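Colleague: Generate coordinates for the sequence data below:
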Amino acid sequence: MQHIQEIGRQHPYAAPVPQPMNTQQSFSRPPVMGQQNLPGTQMHSPLLPNQTMDHSQITSPLVSQGVPASQMSPRLPIDPHGQSHGQPTAGYQTQVINPPSTSLPQSGVGHYNSAPPLPSQTIASPGLPQYEPRQYPPPPLTTTGQPIASLPGPSLAQVRQKYLQTAPPMPGQTMPNAAGPNLPQAGQRQYGSAPPLPGQPLSSPSGLNRGPAGLPPNYQQPTYQQQPGYPNQMDMYNNQRSPYQGGATASPTGYQSGLQPQQARRLDPEQMPSPIQVMQDDQSTRGGVFTTNQRGLVPPLVTTNFVTQDQGNASPRYIRSTMYTVPITADIIKQTNVPFGLVISPMARTVPGECEPPIVDMGEIGPVRCIRCKAYMCPFMQFVDAGRRFQCMFCKATTEVPNEYFQHLDHTGQRLDRYERPELMLGTFEYIATKDYCRDNIFPKAPAIVFVIDVSYNTVKSGLVNLLCTKMKSVIKNLPVDAGQTKSNMKVGFITYNNTVHFYNVNPRLAQPQMLLVGDVHDMFMPLLDGFLCDIEESDAVIDSLMLQIPKMFADTRETETILAPAIQAGLEALKAYECSGKLLVFHSSLPIADAPGKLKNRDDRKVLGTDKEKTVLVPQNNFYNTLGQECVAAGCSVDLFIFNNSYVDVATVGQISRLTGGEIYKYTYFQADIDGERLISDVIDNISRPIAFDAVMRVRTSTGVRATDFHGHYFMSNTTDMELASVDCDKAVGVEVKHDDKLTEDEGVYIQVALLYTSCSGIRRLRIINLSLKTSSQMAELYRACDLDAIINFFSKQSVFKLLESNPKAVKDNLIARCANMLAIYRKHCATPSSAGQLILPECMKLLPLYINCLLKSDALAGGADMTIDDRSYVMQAVATMPISISVAYTYPRLFPLHDIDPQDTELPMMLRCSIDKFTDDGAYLLENSVHMFIWLGMALSPQWVQGVFGVPSVVQVDTDRTALPVLDAPLNNRIRNIIDRIRAERHHCMRLTIMRQREKLEMVLRHFLVEDRGNDGSPSYVDFLCHMHKEIRTLLSQ
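Modeller: Reported below is the predicted structural model:
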């Protein structure tokens, strides 16, 4: 390879049709002013006849004098403050009692100060089953041995540390920097060091040496070495003060539990609204074809398998609204606290049976648009004056139809060529853009991908550099291809860096690649004009040679201080020099502390997480990367960061470059090529091959009366209307809040149009148009009957992670609790049939709202405290900010699958289980995933035949839990479970790391963190506890 040392600047910066599904519901008008009495039904016991439900009632009534016990609704124990805590003793039965007239306060929610229930307050109904009290804290994932919480040995934080040494981001993985390449810190994992043998006896906590029958009598569970920097188990969760954690400071919406775990009686969790049942019911009733020919039609759940038949409204894969019936005034939204928001995934994937958006070429006249608001021609436009003009449904203006676009109308006022024009029939389609929509009125070139690789000591020693170079040819063969093309038009380039930056000339005319080194990182420039970006087929031999030489050139490097910003600037300058948009894939390993632009300080202080001071470490420490991100957006340069950290790298700061450019962050802590290499290459291939738009601008237009006001996601805005995205792919979503600015009418509805102007991977400038129409109503009940809960939770999560950067975590959580309580209280007051105050009534479409809100409050994005690193917290917050609904559903409520009783011949995923410890058995095996993590838990009494068929060893004791993949065996059961894992990863489009654990190992406490229906390791409330708390808050609101 030729080496050319560049001393000075060579040139200045370049300037920058099945039958429609009838899913409509009929609504009844209120008999009394402002008060709507919907048919009231309740959750009921199997002993009672089935009843049609418009809402769910969970009974917790006060004792009513004069009513025989056999006729009363099941009772919940009542504390001195009027809070019910017990479990139903008789299932659910209809009990209608008119409560006294109450008025709803505008604000203020009472404290949750509960006390142990009084025995006399638990009322049993004769002839119905009784439930035993449930005690807290719940037992560990075991039915034998000593409870985990009381075991001596490593703390949960220490256990998490071991797990996270090779895991994706999770609480607890900060490690001190090594003093140098050969001076590791004590306790730090060393690359190349052999893990303990699976059967090697390690020190065992007392009480765990007695396993189930069939295990060796002296079997000992492994323990884990203390890792530095971790608090004791007792204190690790108490550093953060949860607004709904016992012992927290009293607040208007604080959740405080005074229950003694041994005395508390609980509702039966199985009788609570189940997300599994909701998903199954929706699949059975809404699966199949979803036709979008009706305004305000609520789509199926994202978990439902359905095929969209586009007949005028966009597929819900592209856009979902939190509500499909919009109140005519802002007062109703303000009163109910139901958010009016949109979750938009403009480049979402389609499923088999659906068509990609068709492309419309209007020639030189370009897209037909409204003369006033500039909305694009779509099915909502109405043609008048015999087809010579059209009226815009967004602003009501009329516009002349261009002569080239004129067509006569039929007797119904529709154009005769309507069925031949996608823009008049479909909710989603694309226009070919003219020069007017291009930078400097010049058609763009095909975008490029630049690989920017850190070649410092850490990445070389971990095997990352060698892995990337070895697999590079197989990676770049997956460049995206536009529809109708046989090969990709995208070009690639290569940059390496440590404390200097190295460009590579891979011109196909060269016999060997050339390296051009830029040593002055303070004044970065592009040292070559030809040969940096190349066609992968034309430069095949030169790329091969380069990939062989890079690992050899840096094999003996001792550089530990690295740069980052100059390397990104180098890729930016390269794209600007070639006058094309594109994406940088940056592979980086450590905090950039070298003397160069973008140098950062170590501000790792995770003790502030969960406190009012946490935003000081969650916001960027300076504005350099924000400014660099804006420069990248201006050039259409997106940045994806692949981080391979052994210690703090300040994701909160360096991640700004990805946030502003529409990029993504991947994190591989304690990366080792032999363990994590396959996962990395899979992620890189998926990254460059997925549907993507470059150099994009997105605008959301709405009809008069409402407007888009706030935006949440990864983008840059230079004004108040346009989101600039250097790239946006199929796995990214943006949340948009919509507000009223005028009163609406009940007849016209609300119209929304999303326009995405972008450059395709083949270099064609296009406009993707996404249209949605919603109904309007003055009736509050219709709002509650047409909500999309998955969209609401996704919107809340995006909104909350951005509020955390401006406010404190307690205020953000309190706001969520208060909004949840108010949404349900208003429904109870205005829409539900009058009933006993002891009954918790939930709207049918929101009956999982308390569960999902509690899950959100427990999530690492909002609740991550001192038990997780600052980098992990920042990483997960950025991930949540861009999650589409299809991913956020599993992140909010993880999927739990049983593996021990599956049919090896089946091809579908197993039936999901509720995320609770109660679902685990000693002889079971389970898989849990939440789109970020994946675990397999093995019970110690698991069948030896099952273990042999899956792992190829005779007992659970001999399973190698250090493996991150199942062994490949010629066994049907092994093949079946590997297929399940592969399918889940394919659904997530992300190769989640697999962690295998045995029962009663302390590592299972990490799994417990994701059993969201149970009480949290940090004392956060269980599903039942939070439901009781919501009931009390609702009663407090209604009584004031």
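Colleague: Next SSE downstream of the helix or strand hosting N854?
Modeller: In the assignment (DSSP states H and E), N854 maps to helix 849-858. Downstream of helix 849-858, the next assigned helix or strand under DSSP H and E is helix 860-863.
Colleague: Remind me what the helix or strand following that following helix packs against, helices and strands.
Modeller: Using DSSP H and E, the next helix or strand after helix 860-863 towards the C-terminus is helix 870-882. Contact partners of helix 870-882 among helices and strands, from 3 or more Cβ pairs under 8 Å, 6 or more residues apart in numbering; DSSP states H and E: helix 615-618, helix 651-654, helix 656-661, strand 665-667, helix 789-803, helix 860-863. (Glycine included, C-beta is placed from N, CA and C.)
Colleague: With distance to H989, mean neighbour count and mean pLDDT as extra columns, can I get these in CSV?
Modeller: Listed next are the helices and strands packed on helix 870-882 as CSV, based on distance: least, Cβ to Cβ, whole Å; neighbours: other Cβ atoms under 10 Å; pLDDT from 0 to 100:
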stretch, distance to H989, mean neighbour count, mean pLDDT
helix 615-618, 27, 18, 90
helix 651-654, 21, 26, 96
helix 656-661, 17, 26, 97
strand 665-667, 12, 24, 96
helix 789-803, 17, 23, 97
helix 860-863, 20, 24, 91
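Colleague: Next, format those as TSV and append distance to R606.
Modeller: TSV is the format used below for the helices and strands packed on helix 870-882 (distance: least, Cβ to Cβ, whole Å):
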stretch	distance to R606
helix 615-618	8
helix 651-654	12
helix 656-661	20
strand 665-667	16
helix 789-803	18
helix 860-863	13
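Colleague: Compare the ones you listed and give me the one nearest Y318.
Modeller: Checking the helices and strands packed on helix 870-882 against Y318 by Cβ to Cβ gives helix 789-803 as the closest, at 12.6 Å.
Colleague: so where do the strands sit in the stretch 251-400 of the chain?
Modeller: Under the criterion DSSP state E, counting those that start in this stretch, the stretch 251-400 of the chain carries strands at the ranges 288-291, 306-309, 319-321, 325-327, 341-344, 359-360, 382-384, 389-391, 398-400.
Colleague: Please disregard the earlier target; I meant the stretch 851-1000 of the chain.
Modeller: Under DSSP E, counting those that start in this stretch, the stretch 851-1000 of the chain gives strands at 895-898, 925-929, 934-938, 994-998.
Colleague: Pick the most deeply packed of those strands.
Modeller: Ranked by mean neighbour count, the strands of the stretch 851-1000 of the chain are led by strand 934-938 with a mean of 24 (mean count of other Cβ atoms under 10 Å).
Colleague: Could you name the helices and strands sitting against that strand?
Modeller: Using 3+ Cβ pairs under 8 Å, 6+ apart: strand 934-938 touches strand 925-929, helix 972-988, strand 994-998, helix 1004-1008.
Colleague: would CSV of the ones you listed with distance to L862 and mean pLDDT be doable?
Modeller: CSV is the format used below for these (distance: least, Cβ to Cβ, whole Å; pLDDT from 0 to 100):
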stretch, distance to L862, mean pLDDT
strand 925-929, 20, 97
helix 972-988, 21, 95
strand 994-998, 23, 95
helix 1004-1008, 18, 90
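Colleague: Of the ones you listed, which is nearest G705?
Modeller: The nearest among the helices and strands packed on strand 934-938, by Cβ to Cβ, is helix 972-988 at 38.6 Å.
Colleague: Direction included, what does the longest strand seen in the chain pair against?
Modeller: Taking DSSP state E as the criterion, the chain has its longest strand at strand 765-777. Each strand paired with strand 765-777, and its direction, by DSSP bridges: strand 325-327 (parallel), strand 428-432 (antiparallel), strand 750-759 (antiparallel).
Colleague: out of these, which comes closest to L942?
Modeller: That would be strand 428-432 among the strands paired with strand 765-777, by Cβ to Cβ, at 48.2 Å.
Colleague: Show residues contacting the following helix or strand past the closest one.
Modeller: Sequence order places strand 448-454 as the next helix or strand after strand 428-432, per DSSP H and E. Residues outside strand 448-454 that contact it (Cβ atoms under 8 Å, 6 or more residues apart in numbering): 459, 464-465, 468, 472, 476, 479, 490-498, 533, 550, 562, 567-568, 570-571, 574-575, 578, 580-590, 644, 688.
Colleague: Please spell out which residues along the helix of greatest length in the chain are buried.
Modeller: Criterion DSSP state H: the longest helix present in the chain is helix 809-830. Applying a neighbour-count criterion of 16 or more other Cβ atoms under 10 Å, one finds 809-810, 812-830 buried in helix 809-830.
Colleague: which residues touch P898?
Modeller: P898 neighbours (Cβ under 8 Å, 6+ apart): P910, M911, L913, K919, G924, A925, Y926.
Colleague: Neighbour-wise, give me the winner out of the residues you listed.
Modeller: Top of the contacts of P898 by neighbour number is A925, holding 25 neighbours under the definition other Cβ atoms under 10 Å.
Colleague: Could you give the bridge partners of that one?
Modeller: L938.
Colleague: And for the one 4 residues further on?
Modeller: Beta bridges link E929 to R895, M934, judged by DSSP bridges.
Colleague: what bits of this protein have low per-residue confidence?
Modeller: Applying pLDDT under 70 to the chain flags residues 1-266.
Colleague: any idea which element K739 lies in?
Modeller: Per DSSP H and E: strand 734-740 holds K739.
Colleague: Return the list of strands paired to that strand, each annotated with direction.
Modeller: In the sheet, strand 734-740 lines up with strand 341-344 (antiparallel), strand 706-712 (antiparallel) (DSSP bridges).
Colleague: Brilliant, that's me finished.
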